[in-house]
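Student: take this sequence and fold it.
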Amino acid sequence: MPEGPNPTVYIPSLTGGGKLRACLDALARQTVPARVVLADNGIPRGEVDELSEKYPSTEILSFGENLGFGRALNRAVQEAGDGPVILLNDDVIPRPDFVEIMKRASGIAPMVAGTLTRPGLPVIVDSAGVVVDQTLMAFDYFSGRPLEDLEGAPPPLGPTGGAALYDRELFEAAGGFDERMFLYYEDVDLALRMRGLGASCHLARKALGEHAFSATLGGKSPAKHRRTGWSRGYLLRRYRVARTPRRASQVLLREVPICGAQLILRRSAAGLAGRLDGFRSAGGLQPRQVPAGSTIELSAWKALAIRRQQLR
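Tutor: Prediction:
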């Protein structure tokens, strides 16, 4: 076990409820104790009081408004805790040895990807980190595959924000999460920037947690389409992905079918509007570089097939 303080676990929550309590109950049963900090993005006041009474060792930072995923976690990391930074979604129930395994892995790499499984299906992977193709389209690593397939698998680009560990000093050196991104894909952007600083990622395949998946906005809601679309458009422009005609065509071969399907099947232009807003928001900002070796080359057909397989 690496020397130094135990990790601090940070949990952002907008709605609280039973899923959050299940997460906190699971953290109270860990084989290695960890400091727990709840980043309250809008939990009802009465419930916050109840949580304070039931979980007195949990530090609750209430912001009085929904700051978004990245901004809330940046503030929480700045204001409370020490040691490695562990992030957990409030709809994740970690196994009792989750913190112990993540801390042990922190001695291997400055980024550690925990492994999320699907609810009621403990042998099926929901996400074992994030990977991106050459257009920065992001995918949950090994999503939908048997847990046993992770044996011997290479590490992902970085951890998913729902089950992650970061070295605190490198997290701060990278500037934490990009606060322009309100929700979704902040973990992808942070992983790219940390890779640019020379950080590697370790896959902790035995650090398991059950994930409810999109419990806050819903997997196919217009609200989620708009948020994911904004972040997608922002990353495309911030990293200058479409800087060549060939790359621009690869982007269009992905985005047109996705937005078209949402228009036809969901009767929603939220995803398209989000992409346009995000793209505009990245205008005039300092371009970011995609680190060499951080992407995987996929055809548009393969990328869309993987995306469709991962939708639930």
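Student: how much space between L197 and R104?
Tutor: Applying Cβ to Cβ, to the nearest Å, the value for L197 to R104 is 23 Å. Backbone N, C-alpha and C define where each C-beta goes, glycine included.
Student: those two: who's more crowded?
Tutor: More crowded of L197 and R104, by other Cβ atoms under 10 Å: R104, with 18 against 11.
Student: for the closest residue to Y55 other than its chain neighbours, helix, strand, or coil?
Tutor: Excluding its sequence neighbours, the residue lying closest to Y55 (Cβ to Cβ, 6 or more residues apart in numbering) is L24, at 5.2 Å. Counting by DSSP: H, G, I helix; E, B strand; the rest coil, the backbone at L24 sits in helix.
Student: tell me which strands the longest strand along the chain pairs with, and in which orientation.
Tutor: The longest strand of the chain (DSSP state E) is strand 201-211. Strand pairing for strand 201-211, determined by DSSP bridges: strand 92-94 (antiparallel), strand 111-118 (parallel).
Student: tell me the most buried of these?
Tutor: When you average the neighbours per residue for each of those (mean count of other Cβ atoms under 10 Å), strand 111-118 leads with a mean of 27.
Student: averaged pLDDT, the next helix-or-strand element following that strand. What do you get?
Tutor: Using DSSP states H and E, the helix or strand that follows strand 111-118 towards the C-terminus is strand 121-127. The predicted model gives strand 121-127 an average pLDDT of 96.
Student: ok, residues contacting the helix or strand just after strand 121-127?
Tutor: Counting by DSSP H and E, the element after strand 121-127 in chain order, helix or strand, is strand 130-132. Residues from elsewhere that reach strand 130-132 (Cβ atoms under 8 Å, 6 or more residues apart in numbering): 113, 138-141, 156-160, 187-188, 191-192, 294-296.
Student: next one: stretch 12-26
Tutor: 11, 36, 38-44, 47-48, 51, 54-55, 58, 66, 69, 72-73, 76, 88-96, 98, 209, 212, 215-216.
Student: for stretch 291-311, buried residues please.
Tutor: Going by neighbour count (16 or more other Cβ atoms under 10 Å), the buried part of stretch 291-311 is P291, S294, T295, L298, A300, A303, L304, I306, R307.
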